[in-house]
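Participant: whatever this is, show me its structure:
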Amino acid sequence: MATVEQENHEKGDRWEARRQEIVDIAARLFAERGYTATGVAELCRETGLGKGSLYYYIGSKERLLAEIHGSVLNPLVDETRKIAASTDPPEAKLRRMTETMLAAIVHHMDHVWVFLHEWKALRGRNASSFRDKRRAVEDVLESILQEGVDRGDFDIPDLRIATLAWFGMVNYTYQWYRSEGRLSPELIGQYYHQLFTQGIFSAAKR
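Facilitator: Take a look at the predicted model:
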C-alpha cells in the first residue's frame, strides 16, 4: 500500500505533467495566433479545462506567458553557465553554446517563437525576470568570447556587437528550420560555428 507521502508525490507529478501540457498547448496557440489574439476561452477549449481549472494550473494568462519564456530560458541559463565553467578552450565552449541553443530552438519551436515575439507583453516582475535571464545567457557568451580574446585565440574589436551578431545568427534559425529539411541541427551547428569563428579567429589561428 502506498504511503501518504508517496501518494502526494504522485499527485504532484501528475499536476506538474498536466501543467506542462497546458504550457505546451498555450505555446502552440500563441505561436499560431499571437498572445493578444488568443483568449482564455480558446485556451480552455484546447486544454479541455474550465476557466477555474485553467487558472488553478496557471494563475493568469500573463503567468502562462512567463512560464513559456521560462521553459526556454531556465534550462539555457543552467546549461550555458556549465559550459562557461568548464575547462574547455574558448572555441570548444563556443561550439557547445551553438549546439545548446540550436537544440532549444529545434525541439521547442513554438516556445521559441513566443519567446522571441511576445516578450514585450510581460509586465512587472515577469518582465524583470525575463530580462535578467536573457542577459545572463548573453553574459555567458560574452565571457567566452572575452576568454578567447584574453588567450589570443580571438580578435574581436567589439564584444557586444559580436555577441549580438552570434545571437542574431542562431536565433533566426526558427524562421526557416524544418525537421524534414535537408539540414540536420548538427550540420547547421557546424556551419554556424565555422562561419562565426572564421570571422573572429586571430591572425595566428587562421
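
Participant: okay, CA-based contacts and neighbour counts for the rest of this
Facilitator: OK.

Participant: how about the helices in the chain?
Facilitator: Here the chain has its helices, by DSSP state H, at 4-33, 40-47, 51-58, 61-85, 90-107, 109-117, 124-151, 159-171, 173-176, 185-200.

Participant: most tightly surrounded among those?
Facilitator: helix 109-117 (a mean of 21; mean count of other Cα atoms under 10 Å).

Participant: what sits against I25?
Facilitator: L43, E46, T47 (Cα atoms under 8 Å, 6 or more residues apart in numbering).

Participant: so where's the protein uncertain?
Facilitator: Low-confidence segments of the chain (pLDDT under 70): 1-12, 203-206.

Participant: again, 80 this time
Facilitator: 1-13, 202-206 (pLDDT under 80).

Participant: could you list the domains of it?
Facilitator: Domain assignment for the chain, taken from automatic domain parsing, gives 1-59, 61-205.

Participant: that older thread, can you add distance to L183 and give the contacts of I25 back as CSV?
Facilitator: What follows is the contacts of I25, written out as CSV (distance: Cα to Cα, whole Å):
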residue, distance to L183
L43, 34
E46, 33
T47, 34
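
Participant: which among those gets closest to G70?
Facilitator: Using Cα to Cα, L43 comes nearest to G70 of the contacts of I25, at 19.0 Å.
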